[in-house]
Every structure is written in structure tokens, then in C-alpha cells.
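>>> Sequence first, predicted model second:
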Amino acid sequence: MCEQELTAPGTDLPESGDRPRGRERPGIRERLRLECPTCSKRYYVLREAVPAHPTLPFCSSRCRLLDLSRWFDESYRIADPTIEAD
């Protein structure tokens with residue numbers, strides 16, 4: 001009886017000790033782990049996609065708009081440095 005081949009023809013799996021780890025693995029893209037300032041959700045973005053990410057640093061457009069509405073409602077304020085007179 002013929003044994004069925006588990007890998008595609010022409011591909012060889014490396015020995016478990018020969019496997020590259022972490023960033024050394026070819027074909028693995030570097031991801032950035034971020035946290036949304038509005039909802040504190042942790043999410044990942046590919047490093048090369050960061051310049052084109054439309055909602056960065058927020059996880060979604062919803063969180064981006066919530067943050068903007070808080071600025072309009074004056075929930076967020078920039079502190080005014082108070083100068084004390086003598």
C-alpha cells in the first residue's frame with residue numbers, strides 16, 4: 001500500500017531544530033501592537049500599512065469620531081499655564 005504524501009511535491013519541511021524563530025522567519029511581516037486611546041482595545045497594524053491607516057491611532061472610525069465629539073463638547077481641554085502676579 002502506498003503512503004500518502006503530507007506535503008506538496010517539491011517542498012521540504014525543515015527539522016524542528018532548524019526552524020527560524022521570530023523576526024528571522026522569511027515572509028513574516030512586522031506588526032505593531034497598538035492600543036486605542038478611546039476604547040483601550042488592543043489591535044495590530046502592519047508596519048508598512050501605518051502611513052495609509054485612516055484612523056490611526058484609533059481602532060475604528062467610530063472611536064475617532066467619539067474622540068472628536070469630546071473635543072467639540074469641551075470634555076477635553078488643553079491646560080492654560082496660569083501666570084501668578086506678585
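Thanks, I have it. Numbering: from 1, shown residues only.
>>> Number of residues surrounding the closest residue in space to Cys36 that isn't next to it in sequence?
Excluding the flanking residues, the one nearest Cys36 by CB to CB, 6 or more residues apart in numbering is Cys59, at 3.9 Å. C-beta here means a position set from N, CA and C on the backbone, and glycine is covered the same way. When counting by other CB atoms under 10 Å, one arrives at 20 neighbours for Cys59.
>>> who touches Cys59 in this structure?
By CB atoms under 8 Å, 6 or more residues apart in numbering, the contact list for Cys59 reads Leu34, Cys36, Thr38, Cys39, Lys41, Tyr43.
>>> burial measure for the fifth one, as a count.
Pointing back at Lys41 there. Using other CB under 10 Å, Lys41 has 12 neighbouring residues.
>>> Over to the second one?
Cys36: 18 surrounding residues under other CB under 10 Å.
>>> which of the residues in stretch 52-68 are buried?
Residues Phe58, Cys59, Cys63, Arg64, Asp67 are the ones in stretch 52-68 that count as buried (16 or more other CB atoms under 10 Å).
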